[in-house]
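A.B. asks: no sequence for this one, just the structure:
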């Protein structure tokens, strides 16, 4: 009978140890599943952002459309460079507005307006304003639209490539000095200022002095000034007898042509209003543009990607850009998917977050399994401690003298394995559960969970102490 009781206590101890090991394996599998699900969810968030960028029109993400935002960024990051740049902008605006250009914040691309006052440029072709119908002092045509994505068009790979174009920081060149005297001479050479009639002046009024250059003292730096327009002309409200209207101003970065390097220059383009255009039997014929070129001095600065200024989530963009492998991983995992499938991928991820997880052939509830596991573990540890007490009272050495054909008998033979399973398992499981749960519980739930884990730790430690003498 003593032999039967000895075997019963030993088998019971081994069974409880197996139960503890089983819960540890399940907890580890749930944790690994959580890590995979966490990565999958993060990828879906990134893919949704990339899809939104891909669906945005190229014209709405052009570098020049966010120049005012870059000026504000420059003020915070490089005040001295900002001061020189704004001085140049202000001097140019003052001069151009005195000639009837009527440059305001809408002209500079505020909100949804197209920016026609471009004082910054990049090395990218689409920031170059020159085209085949420019004046003769300009070179070959450069398209302002990007080519199609090619064979990957419509795929996640194409969306990622577009994100790369607009998401990464870019070096920009910005005007820091303009010779306004030279520009005034050019303006006077192409515009016929109206003779003084009906009270309109023939020259710039004396109380509106013209700054000679932007590197000297020209008064306070004011980026947007409400100006009066003293000229009114026959061609409309632009102030010039030949009816020209301001169309755009663009910085053109230096370019290597033939065997010489063309300097940085400002291209100012004027055009005729619709009412001044010539008509034929086939309809209106556009008058050619009148272009002026003024050498300028530029400096450079590195700005965040266009997406940072376009209203997208700066935190997500930063996460993608800072981790150099993120876009490559997304390309490898989802590159050949259609962009339209991102929505279904997100729905699938949401479903996985809330459905039970299958562990060892059982559907385990994500919400209630942790509590059930710790309550069962507390009971198992209590029964394990009671078993060790009985064996100690009966002087049964159920650890050193027990022998069986069970393959898992080594779990109780080794002291360090017993310590890990009986003592360390409760706090380890508590960490895995609290770290990997996607559900926010009430404070009472966390207190009960912690109490159950602490009970298991204490009971397991007492059972391990008893086992040292057995």
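C.D. replies: Ah, there it is. Treat the numbers as computed from the prediction; the structure is a model and nothing was measured.
A.B. asks: I'd like the average pLDDT over the top helix by length along the chain.
C.D. replies: Under DSSP state H, the helix in the chain containing the largest number of residues is helix 2-55. If you average the pLDDT over helix 2-55, you get 85.
A.B. asks: ditto for stretch 121-130
C.D. replies: For stretch 121-130, the mean pLDDT works out to 57.
A.B. asks: and the closest residue to residue 448 other than its chain neighbours, helix, strand or coil?
C.D. replies: Among residues not flanking residue 448 along the chain, residue 371 sits closest, at 6.9 Å (CB to CB, 6 or more residues apart in numbering). Quick note: C-beta positions are derived from backbone N, CA and C, even for glycine. In three-state terms, and counting by DSSP: H, G, I helix; E, B strand; the rest coil, residue 371 is helix.
A.B. asks: hmm, back to that, tell me which residues in the very next helix or strand once past the longest helix of the chain are buried?
C.D. replies: On the C-terminal side of helix 2-55, the nearest following helix or strand under DSSP states H and E is helix 67-77. For helix 67-77, the buried set under the neighbour-count rule, 16 or more other CB atoms under 10 Å, comprises 67, 68, 69, 70, 71, 73, 74.
A.B. asks: tell me how far residue 328 lies from residue 320.
C.D. replies: Residue 328 is 11 Å from residue 320, where distance means CB to CB, to the nearest Å.
A.B. asks: between these two, who's got more neighbours?
C.D. replies: Neighbour totals were compared for residue 328 and residue 320, and residue 320 leads with 22 against 12 (other CB atoms under 10 Å).
A.B. asks: for the more buried one, give me its contacts.
C.D. replies: Contact analysis of residue 320 by CB atoms under 8 Å, 6 or more residues apart in numbering lists 46, 49, 163, 167, 326, 327.
A.B. asks: okay if I get those as CSV plus distance to residue 102?
C.D. replies: Supplementary listing: the contacts of residue 320 in CSV, determined by distance: CB to CB, whole Å:
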residue, distance to residue 102
46, 43
49, 38
163, 37
167, 35
326, 46
327, 43
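A.B. asks: show me how the record splits this protein into domains.
C.D. replies: With automatic domain parsing as the criterion, the domains of the chain are listed as 2-44+358-467, 65-309.
A.B. asks: picking up where we left off before, which of the buried residues of helix 67-77 sits closest to residue 419?
C.D. replies: Lowest distance from residue 419 to those (CB to CB) belongs to residue 73, with 57.7 Å.
A.B. asks: wait, isn't that closest one in contact with residue 301?
C.D. replies: No - contact criterion CB atoms under 8 Å: residue 73 and residue 301 do not qualify, at 9.1 Å.
A.B. asks: can you tell me which strand in the chain is longest?
C.D. replies: strand 290-303 (DSSP state E).
A.B. asks: and it, how far out from the chain's middle?
C.D. replies: The chain centroid and the centroid of strand 290-303 are separated by 29 Å under CA atoms, centre = their mean, to the nearest Å.
A.B. asks: for the very next helix or strand once past it, name the packing helices and strands.
C.D. replies: Note on strand 290-303: by DSSP H and E, the next helix or strand toward the C-terminus is helix 306-309. Taking 3 or more CB pairs under 8 Å, 6 or more residues apart in numbering; DSSP states H and E as the contact definition, the neighbouring helices and strands of helix 306-309 are helix 67-77, helix 156-167, helix 314-322.
A.B. asks: what's the closest of the ones you listed to residue 25?
C.D. replies: helix 314-322 (32.9 Å).
A.B. asks: if we can go back for a sec, what's the longest helix of the chain packed up against?
C.D. replies: helix 156-167, helix 314-322, helix 326-334, helix 342-354, strand 357-359, helix 369-393, helix 410-413, helix 425-436.
A.B. asks: try it again with 6 Å
C.D. replies: Packed against helix 2-55 by the contact rule (3 or more CB pairs under 6 Å, 6 or more residues apart in numbering; DSSP states H and E) you find helix 156-167, helix 342-354, strand 357-359, helix 369-393, helix 410-413, helix 425-436.
A.B. asks: burial-wise, tell me which of the ones you listed comes out on top.
C.D. replies: Per-stretch averages of neighbours, counted by mean count of other CB atoms under 10 Å, single out helix 156-167 among the helices and strands packed on helix 2-55, with a mean of 21.
A.B. asks: which positions within the helix or strand just after that one qualify as buried?
C.D. replies: For helix 156-167, the succeeding helix or strand toward the C-terminus, using DSSP H and E, is strand 170-178. Using 16+ other CB under 10 Å as the burial criterion, the residues of strand 170-178 that qualify are 170, 172, 173, 174, 175, 176, 177, 178.
A.B. asks: switch those over to a markdown table; also include distance to residue 387 and pLDDT.
C.D. replies: Formatted as a markdown table, the buried residues of strand 170-178 follow (distance: CB to CB, whole Å; pLDDT from 0 to 100):
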| residue | distance to residue 387 | pLDDT |
| --- | --- | --- |
| 170 | 70 | 86 |
| 172 | 75 | 89 |
| 173 | 79 | 90 |
| 174 | 79 | 91 |
| 175 | 85 | 92 |
| 176 | 84 | 92 |
| 177 | 89 | 92 |
| 178 | 91 | 91 |
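A.B. asks: quick check: of these, which lies closest to residue 343?
C.D. replies: Within the buried residues of strand 170-178, the smallest distance to residue 343 is 30.3 Å, found for residue 170 (CB to CB).
A.B. asks: residues in contact with that closest one?
C.D. replies: Residues touching residue 170, when contacts are defined by CB atoms under 6 Å, 6 or more residues apart in numbering, comprise residue 122.
A.B. asks: how near is it to residue 70?
C.D. replies: From residue 170 across to residue 70, the span is 10 Å (CB to CB).
A.B. asks: again with residue 9
C.D. replies: Shown here: residue 9 relative to residue 70, a distance of 78 Å by CB to CB.
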